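Undergrad: below are the sequence and a predicted model; questions follow.
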Amino acid sequence: MEMKEVKPQLKKGLWKPEEDRILKNYVETHGEGNWASVSQKSGLMRGGKSCRLRWKNYLRPNIKRGRMSDEEKDLIIRLHKLLGNRWALIAGRLPGRTDNEVKNYWNTHLKQGKTTTIGPTNKNELQQIPNSQPICSSSENNNEESHGGKEEELKVRSLWMEDTKSFNFDVEPPFLPANNAPFFYDDEPLMPIFDSLALYEALCQINGEENYPQEVSGHATRLW
DNA sequence: AACGCTATCAACCGCTCTCGC
DNA sequence: AGCGAGAGCGGTTGATAGCGT
């Protein structure tokens, strides 16, 4: 006789406020990670993935809710042009926004043919986007990533970090990190995969020659 | 008021990646 | 080197709110 392991029925669907409270308390007490055991230890009958998603997208601190600002829209458009559907990376550039939110926003507001909430300036921009292929495609990037040496990677990263400090991105105070570097958020470890030079050049292409930053040899001025 | 259509967004699913053994 | 578990990502689905007729 084969003994089948009986898995507890996991709950699905929308989260109730009570469940949110339990998960929030649990994570604040025990920290993030080990999501598989969260459902057992917290008493939530939810899968680890579900708990992780709920925490990441709705419960963790500094989540920014509400409408996207014009600058955020603009940034999403530019980054999508550059990176394609790499929502986590794009969200990493938008303080307080999650990959899911960015993805949803793109699919409902910005995707080709959807122009409902695009303002006049963005409409022009959107016309350049249809059928957009990322300048650095996902697969290409993956290949690139696996090649460059660690030293080179650190070099590129530090260059990028240095550049981002000069960005002047309008973010409400609660969402600004203490060091005043607007983009230093918890997704920051992802940043090594940005080749700063490629990014820089790509943005210049998007903006057109006339917008080529003046301080080419020094720190980049605001690129978007 | 009732119905149908559309837009929005929360959540799930399947896959890949990473890390420890 | 190979394997398994956990984590993360992007695509997709389903519920529902909002709007027009």
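TA: Nice, thanks for sending it over. Numbering: from 1, shown residues only, chains lettered A, B, ... in the order given.
Undergrad: near DNA strand C, which residues of chain A are found?
TA: Selection of chain A residues close to DNA strand C by CB under 7 Å from any atom of the strand yields A:13-14, A:33-37, A:48-49, A:52, A:85-89, A:99-100, A:103-104, A:107, A:187, A:190. Placement of C-beta: from N, CA and C, glycine included.
Undergrad: near DNA strand B, anything from stretch A:41-49?
TA: Yes: looking at stretch A:41-49 against DNA strand B by CB under 7 Å from any atom of the strand, the contacts come from A:46, A:47, A:49.
Undergrad: flag every buried residue along that stretch.
TA: A:42, A:44, A:46, A:47 (16 or more other CB atoms under 10 Å).
Undergrad: which one of the residues of stretch A:41-49 next to DNA strand B is nearest DNA strand B?
TA: Here the nearest of the residues of stretch A:41-49 next to DNA strand B to DNA strand B, counting by CB to the nearest atom of the strand, is residue A:49; it sits at 5.8 Å.
Undergrad: what's the domain layout of chain A?
TA: Structurally, chain A divides into domains by automatic domain parsing as follows: A:17-59, A:70-211.
Undergrad: rank those by pLDDT, which is bottom?
TA: Lowest mean pLDDT within the domains of chain A: domain A:70-211, at a mean of 55.
Undergrad: excluding chain neighbours, what is closest to residue A:51?
TA: Nearest residue to residue A:51, sequence neighbours excluded (CB to CB, 6 or more residues apart in numbering): residue A:38, at 4.6 Å.
Undergrad: is that neighbour in a helix, a strand, or coil?
TA: In three-state terms, and counting by DSSP: H, G, I helix; E, B strand; the rest coil, residue A:38 is helix.
Undergrad: re the thing from before, okay, the residues of stretch A:41-49 next to DNA strand B in CSV with secondary structure next?
TA: Conversion of the residues of stretch A:41-49 next to DNA strand B to CSV gives the following (three-state DSSP):
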residue, secondary structure
A:46, coil
A:47, coil
A:49, helix
